[in-house]
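Engineer: I would like to see how this sequence folds:
(chains A and B)
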Amino acid sequence: MSPRSMRRLEPAKTDPALLRNFCIIAHIDHGKSTLADRMLQLTGIVDDRSMRAQYLDRMDIERERGITIKSQAVRMPWDLDGKTYALNMIDTPGHVDFTYEVSRSLAACEGAVLLVDAAQGIEAQTLANLYLAMENDLTIIPVLNKIDLPAAQPEKYAEELANLIGGNPEDCLRVSGKTGIGVDELLDKIVRTIPHPVGDPNAPARAMIFDSVYDSYRGVVTYVRMIDGHLAPREKIQMMSTRAVHELLEIGVSSPEPEPTKGLGVGEVGYLITGVKDVRQSKVGDTVTNQAKPATVALKGYKEPLPMVYSGIYPIDGSDYPVLREALDKLKLSDAALVYEPETSVALGFGFRCGFLGLLHLEIVTERLEREFGLDLIATAPSVVYEVTLDTLQEITVTNPSEFPTGKIKKVLEPMVRATILSPKDYVGVIMELCQGRRGTMIDMQYLGEDRVQLRYSLPLAEIVFDFFDQLKSKTQGYGSLDYEETGLAEGDLVKVDILLQGEQVDAFSAIVHKDKAYAYGVMMTGKLRELIPRQQFEVPIQAAIGARIIARESIRAMRKDVLAKCYGGDISRKRKLLEKQKEGKKRMKMVGRVEVPQEAFIAALSTGDEKKAEKKVK
Amino acid sequence: MAGPHPIADPAPSDGFLPVQVLDGASTRSFHAYLHIPFCRVRCGYCDFNTYTSTELRGEKQSDFAARMLSEIAFSVKVQQQAQLPARPLASVFFGGGTPTQLPAEDLVSILGQLERSFGFAAGCEITTEANPDDVSKEYLEKLARAGFTRVSIGMQSSVPSVLATLERTHNPVNVATAVALAKSVGLQTSVDLIYGAPGETMDDWVASLESAIELETDHVSAYSLIVEPGTKMARQIKSGLLTEQDPDELADKYELAEAMLSAAGFEWYEVSNWSRGEGARSVHNLAYWRGNDWWGYGPGAHSHIGGVRWWNAKHPSTYAQKVTQGESPAVGRETLDQKTRLEERILLELRIADGISIETIKALNPDANRWISQYIATELIDAASALRGHLVLTLKGRLLADSMVRQLLT
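Structural biologist: Residues are numbered from 1 along each chain as shown, chains lettered A, B, ... in the order given. Below is the predicted model:
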């Protein structure tokens, strides 16, 4: 084992030959954070006692869910063969919604540790990131983690990894982040096999932003990888996409706490602070240069984040609307991908139409709004973006079913994805059934090992945002994993189904669905609402309609008796207290025409089969 | 008395009443309720404050009348100290429990003390509830001679299987006897019915209504059974031994009661009460719905004087201890603000046939018109009265009164 390095290389003056930039590609729960912690400890940059489990994941939600949302970079010293090296570990977000962020993190590295749970094998999403890493020509170091587990099958999964990336099963390192076994060999291997960065120290400065984080004390902290040249404190820097100029108030490296330095040179990884307050001014993928001596060509790969999924977000208590607005304004400072605009719904009142990168992003944002700002929210069923062309050849972009035009429609384009599903082979049948039910077309199917299968399907994104992942998990008893990437638009035979309560359209329940599924949606939704809406003083018809054509109907019988018999012996107080309690419940009612609909009914109807979540929200 | 006490302020031991009770006091009539907390057996559905033992923690049933006399004396003192105007009683009501568990002499002596203390207004209605098994001609004669005007008999049902479910032990035959005896000594009569007991059929209910009508009483109350949490019946329903009735069936039974009673010459004047003409309406019952003043004497009794409500200790022995020391037996009270008083008025007055002025409702809810127009459309209120500015429930509306109150007050 290599000894802990006793000296550190000074940033800004480090020879690129002594630098190694790498990331760890892993699935949620495959132990990335634990391994990273062990590295921080082994290299001595976090002292053993102050070691906080999963040091790199700072936000509470991340720690609780074991998901890394925001990546950071840590500089660690490591000695090998008498030389001291500086290793930059760049943490990557681990979910499909953040593919673009992942791709930028990968672009900041020369190598990647492919970390796989020795008891579970590789998952679809890891494969997707592995694919991106190989596309970026990264050197891959395959590692099996959790080999201390009794259920570990290192031989089996080493073989699987070798099949995927080439090489011998024996090349696969075996470690345990928990006990520390094999972690020092891994650090040695990183130094030996990952190429050092190459760049022109005399060229105009070019640094790629791979992350930007909002900090309430310091403003936006921008993480960069230097490609060419040099950046130093007090210089004026320029963002190449927006031409915006800022002064570099501080530049430094994380080790893992921020340490200001005299600058950053070729191949180095560190952070910049300019005092800006909005992450939108420091966009992931953008190139930072020196205003005095600017670069002419920006680095490749910059892309504006594009929302893929939209949902209406409404406060349960209408008077919380200003709080929600303020909360979104704050949240966007740290989330460049979040977009929103005010929206009103007949049923839900005032809220915001929000765009997200995907379902997890939606869930994280609503959870942060509820947790950090104490809001109670309803989110409408997620919708994708449709491109509708009318007979008049007018084109309309629809992000909300209520915007779906009523006139003659020539065609509707919907976003498609290529989905990769990994699963034990026993579940192939049910997965195929699920995908076909969701208008999927199989692209191919291949065996990864003896019993693991990869299926690739072309699917409409709309079919995936609607509880697809939950269904996949339940049908494969939790073994199936999913990843998807967008593949453009395709024409679909789509219609809008409206739900009417006593003739009044309830905008929150309108949905754009395939023509063949409209009837099923109508029957499902009217049936659900009949169960969820309490009886009223009059009969309430519930209808599902495409335009003026009714495709399904139910009715809620009138309530006939709601009166207490007496107030015994003049105990009026008790009757009034009961009324006060009931009034509290009524405050949470929304009026749809004359019909009183409890908030709970909206939430339950909008939560697609995920009963547990609905319960949680109702509470 | 039913269920736990409401959460409220502590009650002062001297019973002190704030000056607000004087506001409009002379326009409010004054009434007395006397709670006699004894029963021979406890019925399975009952959650009232009753006890079946004749001696409770050293407190004897035979001493009970004396305790009430002490509280009457105390009530005189409190009202004088508050400088309330002297108001004769407009009604007196002995309820329980079973007041007729006490000897007639006890009821008579309590009534005498009330008369000496407050006097009786002209036409003062004086009622006792009675178990049909308890009353003899002599018993009723004694009451009538002492000034009682009315007997309310707990009939509940005429069907033995329904009485068994309710765990009522009285002999149904005795109901007719008791009513006849009461009439013979010149008392007005009323019977109480309960519908919706588990297992009660529509035919059972028709039979009970027919029997009640045959008695030719002046007044009928028909209460839908409410299964209160904590009662034996609630446990029986929870364990599946009994099945609670469907609200639609209860609505059918209420509508049937209205049809049969009105055909027999009764008129509704409150959701659960019918009388033969306006003169036979229960003054005491209406006092509750109209927010008049009453003093509730006895363990667990509730009082209301000018927006102050309080309630007494439930256990007879705790009660006895307080009143013998000349202290207030109240354990909690609340002083209502103007808005709450207005809310209560709507809550209570909506239930009576005289209805409530729309102006009163609008004072609390300026947006009430949208509900009122909807109620006219859905036939929950009488359209002609509404056009004259008065809200009066239709038959359909009577059954939905609580839901309307919630809408009007939210």
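
Engineer: Tell me the secondary structure at the residue nearest to A:Asp215 when sequence neighbours are not counted.
Structural biologist: Counting by Cβ to Cβ, 6 or more residues apart in numbering or on different chains, A:Asp215 lies nearest to A:Val221, which is 5.4 Å off, once chain neighbours are set aside. Bear in mind the C-beta positions are built from the backbone N, C-alpha and C, glycine included. Classification of A:Val221 using DSSP: H, G, I helix; E, B strand; the rest coil returns strand.

Engineer: Next one, pLDDT for A:Val221 please.
Structural biologist: Looking at A:Val221, its pLDDT reads 89.

Engineer: does A:Ala511 have beta-bridge partners, and which?
Structural biologist: Counting by DSSP bridges, A:Ala511 forms beta bridges with A:Val497.

Engineer: Could you pull up the contacting residues of it?
Structural biologist: Listed by Cβ atoms under 8 Å, 6 or more residues apart in numbering or on different chains, the contact set of A:Ala511 reads A:381, A:383, A:401, A:496-497, A:521, A:525.

Engineer: Which of these sits closest to chain B?
Structural biologist: Each of the contacts of A:Ala511 was scored against chain B by Cβ to the nearest Cβ, and A:Met525 proved nearest at 25.8 Å.

Engineer: After the helix or strand where the closest one lies, which helix or strand is next?
Structural biologist: Following DSSP states H and E, one finds A:Met525 within helix A:518-532. For helix A:518-532, the following helix or strand on the C-terminal side (DSSP H and E) is strand A:540-546.

Engineer: Describe which strands that next one pairs with in its sheet and in which direction.
Structural biologist: Assessed with DSSP bridges, strand A:540-546 is paired to strand A:494-501 (antiparallel), strand A:549-556 (antiparallel).

Engineer: circling back to that earlier point, now tell me what touches the helix holding A:Met525 from outside.
Structural biologist: Here helix A:518-532 has contacts from A:495, A:497, A:499, A:501, A:509, A:511, A:513, A:542-546, A:551-556, A:598, A:600-601, A:604-605, using Cβ under 8 Å, 6+ apart.

Engineer: Return the set of buried residues in it.
Structural biologist: For helix A:518-532, the neighbour count (16 or more other Cβ atoms under 10 Å in any protein chain shown) marks A:518, A:521-522, A:524-526, A:528-529, A:532 as buried.

Engineer: Could you do stretch A:325-335 as well?
Structural biologist: Within stretch A:325-335, judged by 16+ other Cβ under 10 Å, the buried ones are A:325, A:327-328, A:330-335.

Engineer: Show only the entries of those found in helices.
Structural biologist: When the buried residues of stretch A:325-335 are checked against helices (DSSP state H), the matches are A:325, A:327-328, A:330-332.

Engineer: show me where pLDDT drops low in the stretch 1-150 of chain A?
Structural biologist: A:1-4, A:6, A:48-71, A:93-97 (pLDDT under 70).

Engineer: What are the boundaries of the helices in the stretch 101-250 of chain B?
Structural biologist: B:104-118, B:137-146, B:160-166, B:172-184, B:202-214, B:232-238, B:247-263 (DSSP state H, counting those that start in this stretch).

Engineer: chain center to stretch B:146-160, what's the gap?
Structural biologist: 13 Å (Cα atoms, centre = their mean, to the nearest Å).

Engineer: could you check whether that stretch is close to chain A?
Structural biologist: No - on the criterion Cβ under 8 Å from any Cβ of the partner chain, stretch B:146-160 is out of touch with chain A, staying 12.6 Å away.

Engineer: Quick one: end-to-end length of stretch A:167-174, please.
Structural biologist: Start and end residues of stretch A:167-174 are separated by 15 Å (Cα to Cα, to the nearest Å).

Engineer: now do stretch A:288-299
Structural biologist: Stretch A:288-299: ends 9 Å apart by Cα to Cα.

Engineer: now, the most widely separated pair of the buried residues of helix A:518-532?
Structural biologist: Farthest pair in these (Cβ to Cβ) is A:Ala518 and A:Leu532. Separation: 20.9 Å.

Engineer: Any idea which helix or strand in chain B has the lowest mean pLDDT?
Structural biologist: Scoring the helices and strands of chain B by mean pLDDT, DSSP states H and E places strand B:55-56 at the bottom, with a mean of 74.

Engineer: Give the next helix or strand downstream of that one.
Structural biologist: Toward the C-terminus, strand B:55-56 is succeeded by strand B:59-60 as the next helix or strand (DSSP H and E).

Engineer: Parallel or antiparallel, which strands does that following strand pair with?
Structural biologist: Here strand B:59-60 is paired, per DSSP bridges, with strand B:55-56 (antiparallel).

Engineer: For chain A, what is the nearest residue in the stretch 51-200 of chain B?
Structural biologist: Using Cβ to the nearest Cβ, the single residue of the stretch 51-200 of chain B nearest to chain A is B:Gly95, 5.9 Å away.

Engineer: So what does that residue have for phi and psi?
Structural biologist: Backbone torsions for B:Gly95, taken as degrees, to the nearest 10, come to phi -130, psi -180.

Engineer: And A:Lys156, by the same measure?
Structural biologist: According to degrees, to the nearest 10, A:Lys156 has phi -60, psi -50.

Engineer: when you scan the longest strand out of those in chain B, is anything in it near chain A?
Structural biologist: Counting by DSSP state E, the longest strand found in chain B is strand B:120-130. No - if you take Cβ under 8 Å from any Cβ as the test, strand B:120-130 misses chain A, and the best it gets is 10.6 Å.

Engineer: Let me see the ranges of the helices in the stretch 251-400 of chain A.
Structural biologist: Secondary structure of the stretch 251-400 of chain A (DSSP H, counting those that start in this stretch): helices at A:321-332, A:359-373.

Engineer: can you tell me which of those the model trusts least?
Structural biologist: With a mean of 86, helix A:359-373 has the lowest mean pLDDT of those.
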